[in-house]
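Trainee: Quick one: sequence plus predicted model below, questions after.
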Amino acid sequence: QVQLVESGGGLVQAGGSLRLSCAASGRTFSSYAMGWFRQAPGKEREFVAAINWSGGSTYYADSVKGRFTISRDNAKNTVWLQMNSLKPEDTAVYYCAASQRATGRLSSIYDYWGQGTQVTVSS
């Protein structure tokens, strides 16, 4: 069982940056692949970024590639999403998720989810 708590969301102007954190409970964090997803009002939840258990492999949605960076520190049971050059279309609730099965873009492979943190980008 893993519990995930996101933080770091807020209101930022277009072009600005935010760093989201996801703190995980449990002693098996290093065995999980981690992902970030987001959901804007009236839209389906979408994949943002993922990282494998060691941090050696990362994956990004095309819409955030080159602007967002996912990273993790297994000693701190934490995964981060550094978001730069933010755009109004990045406005959403951001969720972190953990998977024991695989690293990937599909929400169905993730077993545990956080409660989400709101990111609002003003134009």
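Mentor: Structure received.

Trainee: so what's the residue positioned nearest the centre of the chain closest to, chain neighbours aside?
Mentor: Taking CA atoms, centre = their mean, the centroid of the chain lies closest to Trp36, which sits 2.4 Å from it. Excluding its sequence neighbours, the residue lying closest to Trp36 (CB to CB, 6 or more residues apart in numbering) is Val48, at 4.3 Å. Bear in mind the C-beta positions are built from the backbone N, C-alpha and C, glycine included.

Trainee: pretty sure the one you found contacts Asp62?
Mentor: No: counting by CB atoms under 8 Å, Val48 does not reach Asp62; the two are 10.8 Å apart.

Trainee: ok, now which ones touch the residue nearest to Trp36?
Mentor: Gly35, Trp36, Phe37, Arg38, Tyr60, Ala61, Val64, Phe68, Leu81, Tyr94 (CB atoms under 8 Å, 6 or more residues apart in numbering).

Trainee: For the buried ones among those residues, write the corresponding PyMOL selection.
Mentor: Applying 16 or more other CB atoms under 10 Å to the contacts of Val48, the buried members can be selected in PyMOL as follows:
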select buried, resi 35+36+37+38+60+61+64+68+81+94
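
Trainee: What is the nearest of the contacts of Val48 to Thr117?
Mentor: Tyr94 (5.5 Å; CB to CB).

Trainee: separation between that closest one and Thr28?
Mentor: Tyr94 is 23 Å from Thr28, where distance means CB to CB, to the nearest Å.

Trainee: if we can go back for a sec, mind telling me what element the residue nearest to the centre of the chain is part of?
Mentor: strand 33-39 (DSSP states H and E).
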